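Participant: here are the coordinates; sequence isn't available:
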């Protein structure tokens, strides 16, 4: 009788492979026997929402205006901004090839046409986003691990 061994040590070894490679599951099949080891995915990155400051109560002293520099900075860069590189898909942006590695680009870096500037992970596939032209990175508009929408500006190369 052939089949997969359900040895606890082998299962632990598969679980360790999941942790080491950051995979979510491994499945082995041999004839009618199947062994699947999976782990839950990490929680999604928190979504940051900006809201207007509430109006002060009549009895409270006037509050200082709330600074909204970050949203305004992103808002002024649109898909039609010269040199803007936009997201070709919905996914999660990564500025480095793997955790702890040096980023693909930094502010002020010179890039060549066709050079990978970041990755977008969509449906468990990492897609290289390449610079459409040579230039200097003047703005980076996303953080590593942040969700991005289709058409959202990611960075500016001038």
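Facilitator: Sure, I can see it. Predicted, not measured: the structure shown is a model, and the values here were computed from it. Residues are numbered from 1 along each chain as shown.
Participant: switch to C-alpha atoms for all contacts and neighbour counts from now on
Facilitator: Will do.
Participant: and the next element down the chain from the helix or strand hosting residue 12?
Facilitator: In the assignment (DSSP states H and E), residue 12 maps to helix 8-21. Per DSSP H and E, the first helix or strand lying C-terminal to helix 8-21 is strand 25-30.
Participant: now the helix holding residue 12 against strand 25-30, angle please.
Facilitator: Per axes from the mean of the first three to the mean of the last three CA atoms, to 10 degrees, the angle that helix 8-21 makes with strand 25-30 is 140 degrees.
Participant: what's helix 8-21 packed up against?
Facilitator: Helix 8-21 sits against strand 25-30, strand 33-38, with contacts defined as 3 or more CA pairs under 8 Å, 6 or more residues apart in numbering; DSSP states H and E.
Participant: how about a markdown table for those strands, with distance to residue 113 added?
Facilitator: Listed next are these as a markdown table, based on distance: least, CA to CA, whole Å:
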| stretch | distance to residue 113 |
| --- | --- |
| strand 25-30 | 37 |
| strand 33-38 | 40 |
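Participant: Just tell me which of the ones you listed ends up closest to residue 140.
Facilitator: strand 25-30 (33.3 Å; CA to CA).
Participant: mind listing what's buried in that closest one?
Facilitator: residue 25 (16 or more other CA atoms under 10 Å).
Participant: what bridges to residue 155?
Facilitator: Legend: beta-bridge partners of residue 155 under DSSP bridges are residue 85, residue 140.
Participant: and if you look at residue 120?
Facilitator: Beta-bridge partners, per DSSP bridges, of residue 120: residue 93, residue 127.
Participant: List the contacts of it.
Facilitator: Applying CA atoms under 8 Å, 6 or more residues apart in numbering, we find residue 120 in contact with 89, 91-94, 126-129.
Participant: Pull the most distant pair out of those residues.
Facilitator: Farthest apart among the contacts of residue 120 - using CA to CA - are 89 and 94, which lie 13.4 Å from each other.
Participant: Which positions within stretch 118-131 qualify as buried?
Facilitator: In stretch 118-131, counting by 16+ other CA under 10 Å, buried: 118-121, 126-127, 129-131.
Participant: quick revisit: between the helices and strands packed on helix 8-21, which one is closest to residue 153.
Facilitator: strand 25-30 (32.7 Å).
Participant: Counting by contacts, list what that closest one packs against.
Facilitator: Using 3+ CA pairs under 8 Å, 6+ apart, strand 25-30 sits against helix 8-21, strand 33-38.
Participant: Of these, give the one that comes closest to residue 108.
Facilitator: Among the helices and strands packed on strand 25-30, helix 8-21 sits nearest to residue 108 (CA to CA), with 32.4 Å.
Participant: Perfect, that will be all.
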